[in-house]
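Trainee: Predicted model follows, preceded by the sequence.
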2 protein chains.
Amino acid sequence: MRIVSGMRPTGKLHLGHYFGVIKNWINLQDNNECFFFVADWHALTNKYKDTSDLKENIYDLVIDWISCGIDPSKATIFVQSAVKQHAELTLLLGMITPKSWLELNPSYKDLKFNLFFQYVRDFLLGKGIKIEEDTIRQIVHDSFYHKKEIDFEYLKESLIKLSVDENLSNEIVFNLKEGDIGKDIDTYGFFGYPVLMASDILIYKAQAVPVGEDQLPHIEITREIARRFNNLYKPVFVEPKALLTEASKLLGTDGRKMSKSYGNTIALSDDEEQVNKKVLSMKTDTQRVKKSIPGRPEVCNVFSYHKFFTDQETVKQIDLKCRNAEIGCIECKKILAENLNKFLLPIREKRKELEKDRQLLDKIIREGNEKAKEVASKTMEEVKEAMGLMF
Amino acid sequence: MRIVSGMRPTGKLHLGHYFGVIKNWINLQDNNECFFFVADWHALTNKYKDTSDLKENIYDLVIDWISCGIDPSKATIFVQSAVKQHAELTLLLGMITPKSWLELNPSYKDLKFNLFFQYVRDFLLGKGIKIEEDTIRQIVHDSFYHKKEIDFEYLKESLIKLSVDENLSNEIVFNLKEGDIGKDIDTYGFFGYPVLMASDILIYKAQAVPVGEDQLPHIEITREIARRFNNLYKPVFVEPKALLTEASKLLGTDGRKMSKSYGNTIALSDDEEQVNKKVLSMKTDTQRVKKSIPGRPEVCNVFSYHKFFTDQETVKQIDLKCRNAEIGCIECKKILAENLNKFLLPIREKRKELEKDRQLLDKIIREGNEKAKEVASKTMEEVKEAMGLMF
């Protein structure tokens, strides 16, 4: 089966990425024709203002992939912006994609919600106002989804209720609504990224796309665009199926979803010391304030980590000893840290090797780009023929 | 000065194009570095459903240009879609262009108005309902511009007042509002064509763009996009100036603006017989029902044509003789037809020559494309460097 998937180059990968995406890719690459791409153009949809680290992020992403086991001799690894045909196809597909399909795209609103939320959080933080992040998320969420349109009045009132000064609340709302934030986020490219995504997928005639549940609407739009093109002109495109991948069950060090914006990640590139420190600072069963109190592994985030990194027999023993107050949290964490480091060691070593060999990296990327271009340009020939374009 | 301008390949050119655009281009090409392009991607924004004649239209357009005197040894003639860098830059500029700039773009609404108007006209025509085209245009215009949003209720009521069946009126409004027409017209590409246009202009660092008054908002958006890019990254782009060109004073054969949709054109490719027929059927001073009644040249469309195609001395004589009832309309038209044919003869002959020599045409287009690509790819290098893109 031909499979396409991509990731945005937004910094070094963490364990959440590994168990959410990479592990799945590694499983797929053996028996499928895989195209894995660095979505650098996509990164611009919400991060166009500072692109100074884009190049390093691209290298980092490829280094992470290969260090984890993505094999360039099995899968085609390439950088989106190197295959200009994606831009050409995006332009052409844009001509046949009704604006309303994009307006109805739930993930458009979701992404916008995230950006609005981040703005409100950072604004309050910048003013020294301390409100629980989850509370902020909740009120932004409610002002977004209670009504058909974004309810800015509700947002303002909620902020005031949380004792935010009225002037500041007004400023936040104004910036989201009419000021630079609202405008800056809401670009033409951001609005149309499902078209770009459709082009990324369709240009390789991918039969399947591994996605999380939240990405399903994109696959649906991609299928609709393919169908519309095929009906208008000629059946050039394959309608890709969504290959639903389970979300990673590995949580962040604080028990929430692992995410860089929560500061609760363990990066694949973290060194031994960093890992030890992070694991030692993890919360355990809050009721277990001293070793003599029996623990409840089922509510302990450290224990949930053990299931990923510690051998089954040891996991069983820890479970028992914890319940019997025979093992302390620090000892338990030390075992985890050791195993986690054991897991990360080969990735880290491969990382170091690759970091030193930019030439090899460039060669891998160049060869991947060439393979991708070959397939993409073949599809584009068919597209242009179908549409009656001369060039 | 470097100048960029383009035309959509939508069929053979007529005299309105000649006096509105081409004549101006011919004047510009001697003392400026001109890039004239066939805007085939733009043609897709509102004509993506049937592209079967696109290729022939491209050739026709280039043939018309050269036959009129656009000289490939002076100006660079090329086809937009052959220079893929336009698509790449469109994608990148789209990332920094606020959606609101496009929503506020008056010509977006104008183009939409035209398409809606055409739909209503064709729908009524198809149902055998005869309403003056100008009346239809007026009510669609009013429903578009009286309020901030399109006033569909007003449109429906106006149609019913004109004795259109209520069901049909409802159907029209439904199709415009929620049916295929509204959706089909309102594509992502159509919405974003000012971004494509900005990229067409900026990629050549054009200092000036010859435009009609109605195109001024596009130049303004182009300048804003250039400014935004230069501020965000590095000063790569030139802010182009609008070179305001007067609208052609030559009207259609029926006295309205010359336009293919009015069926009142004289094509540059019309043969002698067609021209004679069209000129003979032109309306003159309606009060002059016979030769013996003195005419009023100042209200006669045929007389206004003479000013373009007949020598000044003869024009003076015709004016005098017409007022004195010494020359009849048929004789007057015959003189015009003869002069018009004299004017069109060299264009027609050059046309025939080029039509036979597809190889020469291909060579001209290929060489123009190469020249354009060279400039465009140089600009793209700067763009990518400024944005920190790797490829």
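Mentor: Sure, I can see it. The structure presented is a predicted model; accordingly, all values stated were derived computationally and were not measured.

Trainee: ok, so what distance separates the residue nearest to residue A:305 when sequence neighbours are not counted from chain B?
Mentor: Leaving aside its sequence neighbours, residue A:305 sits nearest to residue A:336 (CB to CB, 6 or more residues apart in numbering or on different chains; 5.5 Å). Glycine gets a C-beta too; all of them are placed from N, C-alpha and C. Using CB to the nearest CB, to the nearest Å, residue A:336 is found at 38 Å from chain B.

Trainee: Can you name every helix or strand that the helix or strand that contains residue A:336 contacts?
Mentor: Secondary structure from DSSP states H and E places residue A:336 in helix A:329-356. On a contact count with 3 or more CB pairs under 8 Å, 6 or more residues apart in numbering or on different chains; DSSP states H and E, helix A:329-356 meets helix A:54-68, helix A:272-280, helix A:301-309, helix A:312-323.

Trainee: Give the buried residues for that helix.
Mentor: For helix A:329-356, burial by neighbour count (16 or more other CB atoms under 10 Å in any protein chain shown) applies to A:329, A:332-333, A:335-341, A:343-344, A:347-348, A:350-351, A:354.

Trainee: okay, and for chain A, where does confidence drop off?
Mentor: Low-confidence segments of chain A, defined by pLDDT under 70: A:107, A:179-184.

Trainee: quick one on the thing from earlier: isn't the residue nearest to residue A:305 right next to residue A:304, touching?
Mentor: No - contact criterion CB atoms under 8 Å: residue A:336 and residue A:304 do not qualify, at 10.3 Å.

Trainee: circling back to that earlier point, please name the residues that touch the residue nearest to residue A:305.
Mentor: Residue A:336 makes contact with A:279, A:302, A:305-306, A:309-310, according to CB atoms under 8 Å, 6 or more residues apart in numbering or on different chains.

Trainee: Widest-spaced pair of those residues?
Mentor: The span of the contacts of residue A:336, defined through CB to CB, is set by A:279 and A:310 at 12.0 Å.

Trainee: what residue of chain A is the furthest out?
Mentor: Ranking residues of chain A by C-alpha distance from their mean position (CA atoms, centre = their mean) puts residue A:292 at the top, at 41.0 Å.

Trainee: Tell me the secondary structure at it.
Mentor: coil (DSSP: H, G, I helix; E, B strand; the rest coil).

Trainee: Can you name the residues that contact residue A:54?
Mentor: Going by CB under 8 Å, 6+ apart, residue A:54 touches A:9, A:40, A:43, B:387-390.

Trainee: Do I have it right that residue A:3 meets residue A:207?
Mentor: Yes - the criterion here is CB under 8 Å, and residue A:3 meets it with residue A:207 at 7.2 Å.

Trainee: most packed of the helices and strands packed on helix A:329-356?
Mentor: When the helices and strands packed on helix A:329-356 are scored by mean count of other CB atoms under 10 Å in any protein chain shown, the highest mean neighbour count falls to helix A:54-68 (a mean of 22).

Trainee: following the host helix or strand of residue A:16, which helix or strand comes up?
Mentor: Element membership for residue A:16, per DSSP H and E: helix A:15-17. The helix or strand immediately downstream of helix A:15-17 is helix A:23-29, counting by DSSP H and E.

Trainee: And that next one, how far out from the chain middle?
Mentor: Counting by CA atoms, centre = their mean, to the nearest Å, helix A:23-29 is centred 16 Å from the centre of its parent chain.

Trainee: Could you list the residues in contact with it?
Mentor: A:3, A:5, A:34, A:36, A:65, A:68-71, A:74-75, A:210, A:245.

Trainee: Sort out for me which of these are in helices.
Mentor: Counting by DSSP state H, the contacts of helix A:23-29 place A:65, A:68 in helices.

Trainee: Neighbours of the residue in the stretch 101-250 of chain A positioned nearest to chain B, how many?
Mentor: Of all residues in the stretch 101-250 of chain A, residue A:189 sits closest to chain B, at 3.6 Å by CB to the nearest CB. Residues lying near residue A:189 (other CB atoms under 10 Å in any protein chain shown) number 26.

Trainee: Select the longest helix from chain A.
Mentor: Longest helix of chain A, by residue count under DSSP H: helix A:358-387.

Trainee: buried ones in it?
Mentor: By neighbour count with 16+ other CB under 10 Å, helix A:358-387 contains the buried residues A:361, A:364-365, A:368-369, A:371-373, A:375-376, A:379-380, A:383-384, A:386-387.

Trainee: Then stretch A:19-37?
Mentor: Across stretch A:19-37, burial judged by 16+ other CB under 10 Å covers A:19-22, A:24-26, A:28-29, A:32-37.

Trainee: Next, the distance between the ends of that stretch.
Mentor: With CA to CA, to the nearest Å as the measure, the ends of stretch A:19-37 fall 18 Å from one another.

Trainee: Show me what the longest helix of chain A is packed up against.
Mentor: strand A:33-38, helix A:54-68, strand A:76-79, helix A:85-96.

Trainee: Residues of the stretch 51-200 of chain A that sit close to chain B?
Mentor: Proximity of the stretch 51-200 of chain A to chain B, by CB under 8 Å from any CB of the partner chain, involves residues A:51-55, A:58, A:79, A:81-82, A:84, A:87-88, A:90-92, A:94-100, A:102, A:183-184, A:186-192, A:195-196.

Trainee: The same query, at a cut-off of 7 Å, please.
Mentor: Residues of the stretch 51-200 of chain A lying close to chain B (CB under 7 Å from any CB of the partner chain) are A:51-52, A:54-55, A:58, A:79, A:81-82, A:84, A:87-88, A:90-91, A:94-100, A:102, A:183-184, A:186-189, A:191-192, A:195.

Trainee: these two touch, right, the residue farthest from the centre of chain A and residue A:327?
Mentor: No - using CB atoms under 7 Å, residue A:292 is not in contact with residue A:327; the gap is 11.6 Å.

Trainee: any chance of the contacts of residue A:54 in TSV, plus secondary structure?
Mentor: Formatted as TSV, these follow (three-state DSSP):
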residue	secondary structure
A:9	coil
A:40	helix
A:43	helix
B:387	helix
B:388	coil
B:389	coil
B:390	coil
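
Trainee: how about these, which pair is most distant?
Mentor: Maximum pairwise distance among those (CB to CB): 13.5 Å, between A:9 and B:387.

Trainee: quick one, helices of the stretch 151-300 of chain A?
Mentor: Using DSSP state H, counting those that start in this stretch, the helices of the stretch 151-300 of chain A run over residues A:152-161, A:166-177, A:180-185, A:188-191, A:193-202, A:216-232, A:272-280.

Trainee: Now the first one: buried residues?
Mentor: Same thing as helix A:152-161. Across helix A:152-161, burial judged by 16+ other CB under 10 Å covers A:152, A:154-156, A:158-159.

Trainee: Tell me, how many residues neighbour residue A:325?
Mentor: 14.

Trainee: so it sits in a helix?
Mentor: No - the assignment for residue A:325, made by three-state DSSP, is coil rather than a helix.

Trainee: ok, now which ones touch it?
Mentor: By CB atoms under 7 Å, 6 or more residues apart in numbering or on different chains, residue A:325 lies in contact with A:291-294.

Trainee: Residue A:339 now?
Mentor: By CB under 7 Å, 6+ apart, the contact list for residue A:339 reads A:309-310.
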